[in-house]
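Student: I need the structure of the sequence given here:
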Amino acid sequence: MFYDQVNVKIKAGDGGAGLVSFRRERFVSKGGPDGGDGGKGGDVYFRASPQLSTLQDYVRAKQFRAQSGKGGGKKNMRGKAGEDLVLEIPVGTVVWNDSSGEVIADLQEPHQQILIAKGGRGGFGNAHFSTSRRQAPTFAEQSAPGEELELRLELKLIADVGIIGQPNAGKSTLISVISAARPKIADYPFTTIIPNLGVVTVDGEGFVACDIPGLISGSASGKGLGDEFLRHVERCRILVHMLDATREDLKKDYNDVNKELKLYNSRLARKPQIVVINKIDAVSKERLEKIKKELEMDNIYFISAVSGEGVKELVYKSLEELKRRKRRVVKAKAIKIFRPQEALLENFTIKKEGEMFVVRGKRIEEAAAVSDVSHPVGEARLKKIFKDVKLAEKLVKAGAKKGAKFKVSRRIGKITKDGIVIIQ
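Tutor: Below you'll find the model as predicted:
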């Protein structure tokens with residue numbers, strides 16, 4: 001089975017919690033703090049693997065999680081960082097943020113690797129908060145959560161030459177003749193229900209050809225096999241547009257296919273095409289002359305994929321066209337997603353969801369998550385952060401009234417006449 005589109009959930013590892021600990025040392029208050037920091041959570045990466053050709057590995061297992069960091073230890077020992085998770089996907093896979101609809105990465109080169117989700121930082125241990133005035137801190141930070149994303153993976157096969165045309169035009173037969181590919185071939189429509197890749201070698205040079213399942217009028221809107229495989233045409237550098245010499249109106253067939261390409265993506269219709277008339281062994285010379293007049297095109301190639309007539313010339317022409325057009329490589333590039341150190345603390349939004357006002361902002365959510373509100377000092381630090389960013393005033397502007405509850409990460413608070421109270 002050929003899988004070229006799946007939805008997955010990924011989560012980077014959470015950071016480890018900081019430790020509250022005191023060493024035994026004479027003349028030092030309570031022995032002196034020695035609680036270590038928690039370890040960082042593991043990151044999640046995607047890597048393009050040339051050994052993979054479909055997204056089958058992600059059909060059943062749809063949730064992936066990197067390892068979380070360990071908690072801090074005594075004697076100022078930092079917790080062990082969580083191991084990174086590297087997920088391998090086929091070359092040509094586009095990674096979409098399913099929530100925002102944005103492209104996160106487009107991996108078109110073998111072994112390209114990109115960071116998708118970043119692990120949460122470890123919480124500071126109590127040794128971190130020791131000062132000349134506070135020599136025995138009895139609090140530490142908790143762990144920060146790792147990034148969590150819902151993604152859509154979409155595979156677009158990377159081929160140099162895409163063979164397109166109406167169903168049963170002979171596309172699969174051609175690719176079986178010019179390469180080692182062995183697609184299913186039969187004399188009924190839609191024999192090809194998945195794209196077939198084949199490596200074509202000529203005079204020590206080669207290229208990759210792709211047989212695209214038959215396109216009919218209405219394909220771009222879902223008719224027939226629909227637009228399910230039109231995405232694979234996007235990666236092709238040139239197109240071999242195959243027409244069936246035994247059909248009555250080849251000009252209509254040609255225009256119908258090009259119309260579907262344009263409806264799906266206008267750039268597809270502008271790709272260079274080599275027009276090929278197949279099955280010339282099944283029609284008369286008079287019929288071929290009539291076809292030439294009907295199409296009114298120069299440089300049409302007449303072949304028989306079954307007998308091999310004209311195939312060699314077509315292969316040489318394809319190679320010549322490819323040499324004229326250098327391949328455009330798009331480097332893997334990520335959009336900016338959760339990057340706490342790059343975002344200002346003041347950058348957050350407030351949205352009412354039911355009876356709760358939900359505060360979203362990467363830095364403020366992280367600050368809330370790591371604060372140990374069960375300890376008076378931890379609660380005071382978080383309330384000070386909320387005060388510094390004027391959270392209470394902004395909640396009121398968003399429509400919150402006295403007694404209204406709000407949520408920041410895992411923390412829930414309430415608005416009072418004196419400001420903000422942390423409930424949990």
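
Student: just the element for Trp292, please.
Tutor: Not quite, residue 292 is Lys, not Trp. Secondary structure assignment for Lys292, by DSSP states H and E: helix 285-295.

Student: what of Arg247?
Tutor: Assigned by DSSP H and E, Arg247 belongs to no helix or strand.

Student: scan the helices and strands of the chain for the one with the lowest mean pLDDT.
Tutor: Ranked by mean pLDDT, DSSP states H and E, the weakest helix or strand in the chain is strand 419-422, scoring a mean of 76.

Student: give the pairing partners of that strand; include direction for each.
Tutor: Pairing partners of strand 419-422, with direction, according to DSSP bridges: strand 411-416 (antiparallel).

Student: just the CA coordinates of the partner strand, formatted as CSV?
Tutor: Taking Å, rounded to 0.1, in the frame of the first residue of the first chain, the C-alpha atoms of strand 411-416 are listed here in CSV:
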residue,chain,number,x,y,z
ARG,A,411,-1.7,27.2,36.7
ILE,A,412,-5.1,28.5,37.5
GLY,A,413,-5.7,31.8,39.2
LYS,A,414,-8.6,34.1,40.1
ILE,A,415,-9.0,37.9,39.8
THR,A,416,-9.8,39.7,43.1
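
Student: low-confidence ranges in the stretch 101-250 of the chain?
Tutor: Along the stretch 101-250 of the chain, the model assigns pLDDT under 70 to residues 180-194, 214-229.

Student: now with 50?
Tutor: In the predicted model, the stretch 101-250 of the chain carries pLDDT under 50 at residues 183, 186, 188-193, 218-226.

Student: which parts of it are strands?
Tutor: 103-107, 113-117, 148-155, 161-165, 196-202, 205-211, 238-244 (DSSP state E, counting those that start in this stretch).

Student: from those, which stretch is densest packed?
Tutor: Among the strands of the stretch 101-250 of the chain, ranked by average contacts under mean count of other C-beta atoms under 10 Å, first place goes to strand 161-165 (a mean of 26). Just so you know, the C-beta spots here come from the backbone N, C-alpha and C atoms, and that holds for glycine as well.

Student: and the angle from that strand to strand 238-244?
Tutor: Using axes from the mean of the first three to the mean of the last three C-alpha atoms, to 10 degrees, the inter-axis angle of strand 161-165 relative to strand 238-244 is 30 degrees.

Student: pull up the pairing partners for strand 161-165, direction included.
Tutor: With DSSP bridges as the test, strand 161-165 pairs up with strand 205-211 (parallel), strand 238-244 (parallel).

Student: how about these in JSON lines, adding distance to Lys118?
Tutor: As requested, the strands paired with strand 161-165 are exported to JSON lines (distance: least, C-beta to C-beta, whole Å):
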{"stretch": "strand 205-211", "distance to Lys118": "35"}
{"stretch": "strand 238-244", "distance to Lys118": "40"}
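
Student: Asp14: which of those strands is closest?
Tutor: Comparing those against Asp14 with C-beta to C-beta, the closest turns out to be strand 205-211 (42.5 Å).

Student: report the angle between the closest one and strand 196-202.
Tutor: 150 degrees.

Student: any idea which helix or strand carries the closest residue to Ala269 other than its chain neighbours?
Tutor: Take Ala269 and drop its neighbours on the chain: the residue closest to it by C-beta to C-beta, 6 or more residues apart in numbering is Lys262, 3.9 Å away. Assigned by DSSP H and E, Lys262 belongs to helix 250-264.

Student: buried stuff in that helix?
Tutor: Within helix 250-264, the residues scored as buried using 16 or more other C-beta atoms under 10 Å are 250, 253-254, 256-261, 263-264.

Student: how about the CA coordinates for it, as CSV?
Tutor: What follows is helix 250-264 as a C-alpha-only set of coordinates in CSV (Å, rounded to 0.1, in the frame of the first residue of the first chain):
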residue,chain,number,x,y,z
LEU,A,250,-6.7,13.7,-28.9
LYS,A,251,-6.8,17.5,-28.8
LYS,A,252,-9.6,17.3,-26.3
ASP,A,253,-7.6,14.7,-24.2
TYR,A,254,-4.6,17.0,-24.3
ASN,A,255,-6.6,20.1,-23.2
ASP,A,256,-8.5,18.2,-20.5
VAL,A,257,-5.3,17.0,-18.8
ASN,A,258,-3.7,20.5,-19.0
LYS,A,259,-6.9,22.0,-17.6
GLU,A,260,-6.7,19.8,-14.6
LEU,A,261,-3.1,20.6,-14.0
LYS,A,262,-4.0,24.3,-14.1
LEU,A,263,-6.9,24.0,-11.8
TYR,A,264,-4.8,22.1,-9.2
